[in-house]
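Novice: the following block contains a protein sequence and its predicted model.
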Amino acid sequence: MHGPRRNDSDPNASGHRRSASRRNQRFTSSIFSFFVRFMADLLYILYYEHIHLLLKNFLQFRPEDNTIGHRPPPREAIPCGFQPGFLHRELASPADWISPDNRTPNIKTDPLAWDGKKVSILDTDHIWGHGGTSAWVWKSFLRGHNPILMDSWEPIPGTPCGSVNWASQPGHPTRDLNRRDDPTWEPVRRAMGHARSYSLRMNLTAAAPHGELASSGYCLANPGKEYLVYLPEGDEVRLDLTPVQGELESEWMHPVEGTITPGGKVKGGANRRFTVPFLGPAVLYCKTIE
């Protein structure tokens, strides 16, 4: 018996072998490229942390200036998309303050409540590029973060501005956002200033995010002592004042304009309802009367 006869003169067979060989080469090249980029990413991250440890050891001899910060490597530094839980890695780093970026879930619209183990600085540059809103400022502050705004500037020619949201994108204003004097930014600046005014009035050392105390979900409080509440939609809010003994003095602030409207005295010891005395978003501040 004879097996199938090989027809070496068949041009199709030779072509198929060359095509399969090219596919195998491309597959091998892709695997190798991914491995190289993966290792480069990993080495980058380890190097990043090593530098922080060196700085930490150096700064311990300079008590007047001994804090260091950390932000995750930018996306362009991790081209293969290897993102091994950057927020978790930041929290485990030796840094004193960290700056979560837009890989943190809902960081633009509903920032997570911060536990205060490290100082959190929310930088619009790391989250949008050019971006931010007055609502984001108040939500961030009442969730325990320190929001900061990077003023807009004309991007360097040739950079992929659209892909990193330096300019308008779907869902954002259609005008050019790369100008410092664009009217988009002034409400953000004003909101930051007004939020800072409360940070100076409150005992922030004793305060922490307590979204469960306010029906709006945004409350920075030292339960039983003082409460700062943000109402994104205005209208009204229910605030749990059960731990309060005695009365509190209340006031309303417009989150952008900064105008203050006295809210009068309110008794503690129960859940209380507060109605905003003007239209739109509002900030409510309550403090016990000594």
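Specialist: The structure has been received and is ready for your questions. Numbers count the residues shown, from 1 in each chain.

Novice: can you list the weak-confidence ranges in the stretch 1-150 of the chain?
Specialist: For the stretch 1-150 of the chain, the stretches flagged by pLDDT under 70 are 1-29, 32-66, 70-86.

Novice: grab the nearest non-local neighbour of residue 120.
Specialist: Excluding the flanking residues, the one nearest residue 120 by C-beta to C-beta, 6 or more residues apart in numbering is residue 145, at 4.5 Å. Just so you know, the C-beta spots here come from the backbone N, C-alpha and C atoms, and that holds for glycine as well.

Novice: I meant to write residue 243 there.
Specialist: residue 224 (3.8 Å).

Novice: isn't the residue nearest to residue 120 up against residue 122?
Specialist: Yes: at 4.6 Å, residue 145 and residue 122 qualify as touching, with contact defined as C-beta atoms under 8 Å.

Novice: what about the two, which has more around it?
Specialist: residue 122 (26 against 23; other C-beta atoms under 10 Å).

Novice: picking that back up, residue contacts, the residue nearest to residue 243?
Specialist: When contacts are counted by C-beta atoms under 8 Å, 6 or more residues apart in numbering, residue 224 touches 243-245, 268, 288.

Novice: so among these, which ones count as buried?
Specialist: Buried subset of the contacts of residue 224 (neighbour count, 16 or more other C-beta atoms under 10 Å): 244, 268, 288.

Novice: between the residues you listed, which sits nearest residue 94?
Specialist: The nearest member of those to residue 94, counting by C-beta to C-beta, is residue 288 at 38.5 Å.

Novice: can you pull the contacts of that closest one?
Specialist: So residue 288 contacts 224-226, 244-248, 268 (C-beta under 8 Å, 6+ apart).

Novice: what residues are bridge-paired with the residue nearest to residue 213 when sequence neighbours are not counted?
Specialist: Once flanking residues are discounted, residue 213 sits nearest to residue 240: 4.5 Å by C-beta to C-beta, 6+ apart. Assessed by DSSP bridges, residue 240 has beta-bridge partners residue 271.

Novice: quote the end-to-end distance of stretch 129-137.
Specialist: End-to-end distance for stretch 129-137: 15 Å, by C-alpha to C-alpha, to the nearest Å.

Novice: any chance you could map the strands in the stretch 151-290 of the chain?
Specialist: With DSSP state E, counting those that start in this stretch as the criterion, the stretch 151-290 of the chain has strands at 208-209, 219-222, 226-231, 236-240, 247-253, 260-267, 271-275, 282-288.

Novice: okay if I get these as a markdown table plus distance to residue 191 and mean pLDDT?
Specialist: Below are the strands of the stretch 151-290 of the chain laid out as a markdown table (distance: least, C-beta to C-beta, whole Å; pLDDT from 0 to 100):
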| stretch | distance to residue 191 | mean pLDDT |
| --- | --- | --- |
| strand 208-209 | 18 | 98 |
| strand 219-222 | 15 | 98 |
| strand 226-231 | 10 | 98 |
| strand 236-240 | 18 | 98 |
| strand 247-253 | 10 | 98 |
| strand 260-267 | 15 | 97 |
| strand 271-275 | 20 | 97 |
| strand 282-288 | 9 | 98 |
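
Novice: and of those strands, who's closest to residue 178?
Specialist: That would be, of the strands of the stretch 151-290 of the chain and by C-beta to C-beta, strand 226-231, which comes in at 28.9 Å.
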